[in-house]
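Asker: model the structure of this input:
(chains A and B)
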Protein chains: 2
Amino acid sequence: MAAITPWRQLLLESIQANKHLKHSEYFQLATVRENGKPANRTVVFSSRCFIKPAQSWRFTFQYFTVTGVPDPNKANVKQFTIEEIKAQAFGEICWYFTDTREQFRISGTLDVIGEADRNAVRLKMRERAWFQSSPNSRLQFVGPSPGFPCPEGGPNDSTTPQLDPAQGPVENFCLVTLEPQEVDYLNLRKNKRYVFQKMGEFSWTQREVNP
Amino acid sequence: MAAITPWRQLLLESIQANKHLKHSEYFQLATVRENGKPANRTVVFSSRCFIKPAQSWRFTFQYFTVTGVPDPNKANVKQFTIEEIKAQAFGEICWYFTDTREQFRISGTLDVIGEADRNAVRLKMRERAWFQSSPNSRLQFVGPSPGFPCPEGGPNDSTTPQLDPAQGPVENFCLVTLEPQEVDYLNLRKNKRYVFQKMGEFSWTQREVNP
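Answerer: You can find the predicted model right below:
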């Protein structure tokens, strides 16, 4: 049995060693759609992405929830909605650091905190995430629903959305957290690979495997 | 109805515009595991990754197939095996180009060409991929099975695998292809997003959606 979140130090070192590369701020998050097919998208990392309830590390992301029902005539448009996460609450982050040739595959459970949540602590967490994001990035939750067809000729840019900086989270703002259950760490430079598995609230196993 | 593979030109331009960045050679491929959970890993792109049977573009990857049955006592080790692809033959590539702030999400069907394939054309394709890869990268298909526990003290480096450069594909070498069915293209700089969908062998639709 290894130390508490033994992969954490490895990840922090990789972030530090690669921080001169713009690309090291991005990772990809895979989920499973309601139809059973995989989905994959780029997520921007910031130190705010880490939250530490007690000693259990989590990643957080901000997502748009599509509240309206898509027009059935336009239903071919692929959506990434919160509904999909609720249907299959697992995700896998793939984070590759080019300079140090390290890959982290971090899989875990996803949790969605939306406006209708009844837990005050969770709602507070969602509110904090809202205010921690820049007023500019908050605007993306006010504009037209992402992925929905836009009017002929492109989106109507004349109606720039407005938002009071003091205003709390809008209805379709969700906070999504990923709580790591397993981390597969590959170091191509050293030709080493380790698999970390969560065994309990504060305990992880660590095992070296063939790279 | 748009031109044949209308997203192809966009992708080629992005690859060209970002080729000074080492990172633009990598993308992430999401699949679904046998247990229904998502998997995600980094794949190296090379121009060899594109194959063009007729006018239908595909991506190819090289994968290791684990032929042995894992020791049940060590079965906790996560595997990415060809069996997983066979169980759920869909994949989604997420490819983000940092400099031009473009994201391609390319989803499609996966196809595995292994040694036991009965189609001569497909076997030829597998053989070609083998010889196109460097002798060094071929060695990874000869070493101990990736993801399996290695002896105490780490892998035994004294037994460096050997391979005759003239030798054809080894048993556990598989060629995996992804045939795109849908491409979700997002340009953050221009604030534009398009969804391309394959309608038939040579026809695609193109639709602008909200970014």
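Asker: partner residues bridging the closest residue in space to residue A:88 that isn't next to it in sequence?
Answerer: For residue A:88, ignoring the flanking residues on the chain, the nearest one in space by CB to CB, 6 or more residues apart in numbering or on different chains is residue A:32 at 4.2 Å. Just so you know, the C-beta spots here come from the backbone N, C-alpha and C atoms, and that holds for glycine as well. For residue A:32, the beta-bridge partners under DSSP bridges are residue A:38.
Asker: cool, residue A:91 as well?
Answerer: With DSSP bridges as the rule, residue A:91 is bridged to residue A:108.
Asker: hang on, the earlier thing: and the residue nearest to residue A:88, what does it touch?
Answerer: Residue A:32 makes contacts with A:38-39, A:84, A:87-88, A:90, B:32, B:36-38, as judged by CB atoms under 8 Å, 6 or more residues apart in numbering or on different chains.
Asker: could you check which helix or strand contains residue A:195?
Answerer: Element membership for residue A:195 (DSSP states H and E) is strand A:192-200.
Asker: enumerate the positions of that strand that are buried.
Answerer: Neighbour-count burial for strand A:192-200, counted by 16 or more other CB atoms under 10 Å in any protein chain shown, picks out A:192-198.
Asker: restrict those residues to contacts with chain B.
Answerer: With CB under 8 Å from any CB of the partner chain as the criterion, the buried residues of strand A:192-200 include A:192-193, A:195, A:197 near chain B.
Asker: got these as a markdown table, with pLDDT columns?
Answerer: Shown next, in a markdown table, are these (pLDDT from 0 to 100):
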| residue | pLDDT |
| --- | --- |
| A:192 | 94 |
| A:193 | 94 |
| A:195 | 95 |
| A:197 | 95 |
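Asker: max-length helix in chain A?
Answerer: helix A:120-132 (DSSP state H).
Asker: so what are the sheet partners of the strand holding residue A:195 and their directions?
Answerer: Take DSSP bridges as the rule and strand A:192-200 pairs in its sheet with strand A:173-187 (antiparallel), strand A:203-209 (antiparallel).
Asker: how close does residue A:46 get to residue A:177?
Answerer: Distance, residue A:46 to residue A:177, using CB to CB, to the nearest Å: 14 Å.
Asker: could you do residue A:131 as well?
Answerer: Taking CB to CB, one finds residue A:131 at 17 Å from residue A:177.
Asker: tell me which of the ones next to chain B among the buried residues of strand A:192-200 is nearest to residue B:112?
Answerer: Comparing these against residue B:112 with CB to CB places residue A:193 closest, at 23.1 Å.
Asker: what sits opposite that closest one in the beta ladder?
Answerer: Beta-bridge pairing for residue A:193 (DSSP bridges): residue A:186, residue A:209.
Asker: quick check: it touching residue A:211?
Answerer: Yes. Between residue A:193 and residue A:211 there is a contact at 4.1 Å, judged by CB atoms under 8 Å.
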